[in-house]
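**Q** Below is the sequence, then the predicted model.
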Amino acid sequence: MTTKVFIVDDHYMVIEGIRTLLQHEPAIELVGHATSPGSCMSFLQQHLPDVVLMDINLADKSGIELCAAVKKQYPSVFILGLSTFNQPSFIQKMMEHGASGYVLKNVSREELLEAIQCVAKGKTYFSHEAARALRAAPDPGVPVLTRREKEVLSLIAEGLTNSEIAERLFIGVTTVDTHRKSLLAKLGAKNTALLVRIATQMSLV
């Protein structure tokens, strides 16, 4: 049984590259391509592929928005995000909007085939680089601190006063106070003692 694959990308070279990789695969049937969200939706009104390879960076509408629109109207279609970007935020947004997987455009033919076959069965697939990017992403529950905030937090945990921290870091007392207030807000702490306790629990100090 063949898997019907449709490609959405606004670069013909990418479309041709994917077509070259997949055209001789007996288990894959390439049913067409679109270079814009509009042409993609028009095609889907007439034909329903099994898997859509969807670029996330389209010219007039993001693939993330298009992914949501396709899944809303055609929930049986599986979408595989296709991108040069491996930022965790892009990957997470595609998945939140209905994609079944995410691969980078530098994947090998074998990995692309594996991804298509995997999502066609209703499973989730991340290419090796995408999976690595997700694993390296910070825990969304842990706030992102600047380098200076980390330094101030470390010295607060040592019990230093604003004046002592200012002297140690060669910055003004007012600047230290600004960083302290920012840390209190980011960690949701009402006072310094609670700030240190929360930071310790989050392994920030």
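**A** That came through fine. Numbering: from 1, shown residues only.

**Q** Quick check: which ranges of this structure have low pLDDT?
**A** 137-141 (pLDDT under 70).

**Q** Would you mind naming the helix or strand containing the residue most central in space within the chain?
**A** The structure's the chain has its C-alpha centroid closest to residue 91; by C-alpha atoms, centre = their mean the separation is 2.3 Å. Per DSSP states H and E: residue 91 is located in helix 88-96.

**Q** Check residue 145 too.
**A** Short version: residue 145 belongs to no helix or strand, going by DSSP H and E.

**Q** mind listing the helices for this structure?
**A** When secondary structure is read from DSSP state H, the chain shows helices at 12-22, 37-46, 63-73, 88-96, 109-120, 128-136, 147-157, 162-169, 173-187, 192-201.

**Q** Tell me how the protein divides into domains.
**A** Structurally, the chain divides into domains by automatic domain parsing as follows: 3-136, 147-201.

**Q** how near is residue 59 to residue 190?
**A** Taking C-beta to C-beta, to the nearest Å as the measure, residue 59 falls 48 Å from residue 190. Where you see a C-beta, it was placed from the backbone N, CA and C, and this is true even at glycine.

**Q** and these two? which has more neighbours close in?
**A** residue 59 (11 against 8; other C-beta atoms under 10 Å).

**Q** From residue 61, how far off is the residue lying closest to the more buried one once chain neighbours are set aside?
**A** Take residue 59 and drop its neighbours on the chain: the residue closest to it by C-beta to C-beta, 6 or more residues apart in numbering is residue 10, 5.0 Å away. Relative to residue 61, residue 10 is positioned 10 Å away (criterion: C-beta to C-beta).

**Q** what's the answer for residue 42, then?
**A** As for residue 42, its distance to residue 61 is 14 Å (criterion: C-beta to C-beta).

**Q** How about residue 74?
**A** The span separating residue 74 from residue 61 equals 16 Å under the rule C-beta to C-beta.

**Q** Same question for residue 176.
**A** Remark: distance between residue 176 and residue 61 (C-beta to C-beta) = 46 Å.

**Q** If you count surrounding residues, which of these two has more?
**A** Per other C-beta under 10 Å, whichever of residue 176 and residue 61 has more neighbours is residue 176, with 24 against 13.

**Q** quick one on the thing from earlier: residues in contact with both of residue 10 and residue 61, list them for me.
**A** residue 36 (C-beta atoms under 8 Å, 6 or more residues apart in numbering).
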